[in-house]
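Engineer: Here's a sequence, model it:
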Amino acid sequence: MKVSSTHRKNDLIQLFLSLAIIAVVMVVSTFVYFKLDLTEEKRHSLTTSTKTMLEELDDVVYIRCYLTGNFPAKFKRLEQAFQERLDEFQDISGNKVEYEFIDIYESGDEQTIAQAEEALYEEGLRFTRIAYEENGAKKFQNIWPAAMVTFKGKSLPIQLFQSENPDPSAEQINASVNNLEYVLSSSLRILTRKETPAIAILEGHGELLPLETADLELTLEENYDVERVEINGKLNALSDKVEGVGRRLNRYDLLIVAKPDSAFDNKDKLIIDQFVMNGGRVLWMVDPILTDLDSLRTNQQTLATTNEMGLYDMLFDYGVRLNRNLIIDYQCAPIVYDAGPMGDRRNMQVFNWYFAPVVIPSDSAHPICTNIDPLHFDFASSLDLVGDNENVRSRVLLESSNLALERKAPIRVSTGVSNLEKDYFENNTDDPYNMAVLLEGKFNSNFTGRISNKQLVEDKDFAFKETSLPTKMIVIGDGDFGKNKYRNTKEGLAPLPLGYDLYAGRVVYDNKEFLLNAINYLLDDADLISIRSRTIILRNLDKEIVKDHKGLIQFINVTLPFVLIGLMGVLLMWLRKRKFGKAS
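Structural biologist: Modelled structure (predicted):
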């Protein structure tokens, strides 16, 4: 009896001690934040740049999210993932991130709901109309995968899901989950930064029209000040001379040159050159070869000739040669055209359009290329890295496939190229061709020793520089790389998203994402690139294995846990009986 009483006393002590330890751990956990992320891609961890930004917040950020309510499980996953991200933002910022989830449909009153929807739309938030099945019937519902971020009186709308697909796939939802940190971080950077970088889009030399760059411009305007600029020989078009400063100060941080088709005179070139010398960054999208598309559509052939835009020598001095050629690539986009008469109807068929190379970026090439889907080129030319300037670092960002060939100017462009077979490329191909390159460092002026007017060189107001401040530029051998398509609507011409494929009826190519990464990098927003390039892999079950072993999988998931718990219970009872049986 004494032994039994002693054991009972020890058991009670162990029970109360265990409860006390659990209570202490729970209390401590409310004051100390700790998380162990064992996932391969660190899906539950924020990037270092985001953590630093949150730790430096000097005021409260308030976030209102409208993705909540009764809707399908796939969007519930997005809601849960967003709340987890917000909890993490809150913890790291020291509770300077506050949030709430609002269901505008909770009241059930149609008038109240209509007013709430209108108010959200006016704030810049957008809804998604989803389709789902309930009791065998197909139903539709509006949800708001959006939030409003407010900081120091300034507000910014963000979209957590942007597809128009009413029944999105698991991959689309996963892409939105991947993008949550970027969406939140970029919005906070916009609201908290003191100065907004300025971007100039060049005009006056036949560059792409505003309608043709509308999608890229609208996206850039979310993060930067964007302005279209015509130089026209004006010395102050890109920079100003400030009294007391020994050099000119650029008015813009980045210049975008998109598909000029007429010659730059020396004065405009000099102004751009000095913009670079004073630290300006440039994104060049240029066509060394001009193609008459109207003639191609009418006659199914045309003659492509050299584009004498006057930039070849300047870019050569910076470190890149524009080749007067067109790249044809077996890895290409399709084209639809009339293949000949078919009774009284047009015989429209799909062909490989080798003049439209599709480039698949390598993640290892550069952070700009990480997680970028295939890119669409159109009548593109190759580039070569040249020069021996030790102060300039050059790097190839994009290459053609191994099955690519060049056609040197003048070039006969014909729809008949579609008849080429794969073995033609295999038997004639060489190394891949460079399609986009990055140059970084201190560049030499293209006008060193070339300005005959000595007085201009010595003019303090002009402040001519022979060597640049540290700067960067990216050159792409395709002027149409940033060009969006457009369509006729009742209101007039409306731009389509950049990368939109007319035959697929959706965005297929990642040109815009690549350009956004490139611009972020040129403007030293490398932190945004590191966040954008994160990948959280969705590990779906193999449907064939599930189908073939359905019973076993159900047993493992449903029955096996109960069996294991039962075995553990039996084992503990046996051990206890054995221990106390001996003691008695």
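
Engineer: after the helix or strand containing residue 52, next one along is what?
Structural biologist: Using DSSP states H and E, residue 52 sits in helix 48-55. Scanning forward in sequence from helix 48-55 by DSSP H and E, the next helix or strand is strand 61-65.

Engineer: name the helices or strands packed onto the helix or strand just after that following strand?
Structural biologist: Note on strand 61-65: by DSSP H and E, the next helix or strand toward the C-terminus is helix 73-92. Where contact means 3 or more CB pairs under 8 Å, 6 or more residues apart in numbering; DSSP states H and E, helix 73-92 is packed against helix 48-55, strand 61-65, strand 97-101, helix 170-178, helix 180-192. C-betas here are computed from N, CA, C, even on glycine.

Engineer: Using the neighbour-count criterion, name the buried positions in the next helix or strand after the last one.
Structural biologist: Translated: helix 180-192. Using DSSP H and E, the helix or strand that follows helix 180-192 in sequence is strand 198-203. Using 16 or more other CB atoms under 10 Å as the test for burial, strand 198-203 gives 199-203.

Engineer: per-domain residue ranges of this structure.
Structural biologist: 48-190, 198-524, 542-584 (automatic domain parsing).

Engineer: Let's have those in a markdown table, adding mean pLDDT and distance to residue 17.
Structural biologist: Formatted as a markdown table, those follow (pLDDT from 0 to 100; distance: least, CB to CB, whole Å):
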| stretch | mean pLDDT | distance to residue 17 |
| --- | --- | --- |
| domain 48-190 | 85 | 30 |
| domain 198-524 | 89 | 51 |
| domain 542-584 | 71 | 18 |
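
Engineer: Ok, which of the ones you listed comes nearest residue 21?
Structural biologist: Closest of the domains of the chain to residue 21 is domain 542-584, at 20.0 Å (criterion: CB to CB).

Engineer: Off-centre distance for that closest one?
Structural biologist: 47 Å (CA atoms, centre = their mean, to the nearest Å).

Engineer: Just the C-alphas of stretch 249-264, formatted as CSV.
Structural biologist: Taking C-alpha atoms only, stretch 249-264 is exported to CSV below (Å, rounded to 0.1, in the frame of the first residue of the first chain):
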residue,chain,number,x,y,z
LEU,A,249,22.4,66.7,-62.9
ASN,A,250,20.1,64.3,-64.6
ARG,A,251,16.4,65.0,-64.5
TYR,A,252,15.6,61.3,-64.9
ASP,A,253,17.0,58.1,-63.4
LEU,A,254,16.3,55.9,-66.5
LEU,A,255,15.9,56.5,-70.2
ILE,A,256,13.9,54.0,-72.3
VAL,A,257,14.6,53.9,-76.0
ALA,A,258,12.0,51.7,-77.7
LYS,A,259,12.3,51.0,-81.5
PRO,A,260,13.6,54.2,-83.1
ASP,A,261,13.4,54.0,-86.9
SER,A,262,15.0,57.3,-88.0
ALA,A,263,18.4,58.7,-87.5
PHE,A,264,19.6,60.5,-84.4
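
Engineer: name the element the closest residue to residue 72 other than its chain neighbours belongs to?
Structural biologist: Spatially, and ignoring its direct neighbours in sequence, residue 72 is nearest to residue 132 (5.0 Å; CB to CB, 6 or more residues apart in numbering). Element membership of residue 132, judged by DSSP H and E, is strand 128-134.

Engineer: Could you pull out the strands in the stretch 401-550 of the chain for me?
Structural biologist: 404-408, 411-414, 434-441, 471-476, 486-489, 492-495, 500-501, 506-507 (DSSP state E, counting those that start in this stretch).

Engineer: Same list, the ones you listed, but as JSON lines with mean neighbour count and distance to residue 155 please.
Structural biologist: Below are the strands of the stretch 401-550 of the chain laid out as JSON lines (neighbours: other CB atoms under 10 Å; distance: least, CB to CB, whole Å):
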{"stretch": "strand 404-408", "mean neighbour count": "18", "distance to residue 155": "48"}
{"stretch": "strand 411-414", "mean neighbour count": "18", "distance to residue 155": "50"}
{"stretch": "strand 434-441", "mean neighbour count": "23", "distance to residue 155": "36"}
{"stretch": "strand 471-476", "mean neighbour count": "25", "distance to residue 155": "33"}
{"stretch": "strand 486-489", "mean neighbour count": "11", "distance to residue 155": "30"}
{"stretch": "strand 492-495", "mean neighbour count": "12", "distance to residue 155": "26"}
{"stretch": "strand 500-501", "mean neighbour count": "18", "distance to residue 155": "30"}
{"stretch": "strand 506-507", "mean neighbour count": "16", "distance to residue 155": "28"}
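
Engineer: for those strands, which one sits closest to residue 225?
Structural biologist: So among the strands of the stretch 401-550 of the chain, strand 471-476 is nearest, using CB to CB, at 19.2 Å.

Engineer: Who are the packing partners of that closest one?
Structural biologist: So strand 471-476, by 3+ CB pairs under 8 Å, 6+ apart, packs with strand 281-285, strand 434-441, helix 511-522.

Engineer: Show me what that strand pairs with in its sheet, parallel or antiparallel.
Structural biologist: In the sheet, strand 471-476 lines up against strand 281-285 (parallel), strand 434-441 (antiparallel) (DSSP bridges).

Engineer: can I get the ones you listed in CSV with distance to residue 215?
Structural biologist: Below are the strands paired with strand 471-476 laid out as CSV (distance: least, CB to CB, whole Å):
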stretch, distance to residue 215
strand 281-285, 14
strand 434-441, 19
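
Engineer: Give the burial count for the residue nearest to residue 72, as a bare number.
Structural biologist: By other CB atoms under 10 Å, the residues close to residue 132 number 16.

Engineer: rewinding a little: go through the domains of the chain and pick out the most buried.
Structural biologist: domain 198-524 (a mean of 18; mean count of other CB atoms under 10 Å).

Engineer: gap between the two ends of that domain?
Structural biologist: 13 Å (CA to CA, to the nearest Å).

Engineer: if we can go back for a sec, CSV please, covering the helices and strands packed on strand 471-476 and showing distance to residue 138.
Structural biologist: Output for those, formatted as CSV (distance: least, CB to CB, whole Å):
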stretch, distance to residue 138
strand 281-285, 45
strand 434-441, 45
helix 511-522, 33
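
Engineer: Would you mind saying which of those lies nearest residue 69?
Structural biologist: helix 511-522 (30.6 Å).

Engineer: For the closest one, which outside residues touch it?
Structural biologist: 199, 215-216, 219-220, 224, 254, 281, 283, 361, 367-370, 372-373, 375-376, 397, 438, 472-474, 481-482, 497-499, 526, 528-529, 532-533 (CB atoms under 8 Å, 6 or more residues apart in numbering).

Engineer: rewinding a little: which among the helices and strands packed on helix 73-92 is found nearest to residue 125?
Structural biologist: Comparing the helices and strands packed on helix 73-92 by CB to CB, strand 61-65 comes nearest, at 9.6 Å.

Engineer: And the closest one, what does it pack against?
Structural biologist: So strand 61-65, by 3+ CB pairs under 8 Å, 6+ apart, packs with helix 73-92, strand 97-101, strand 146-151.
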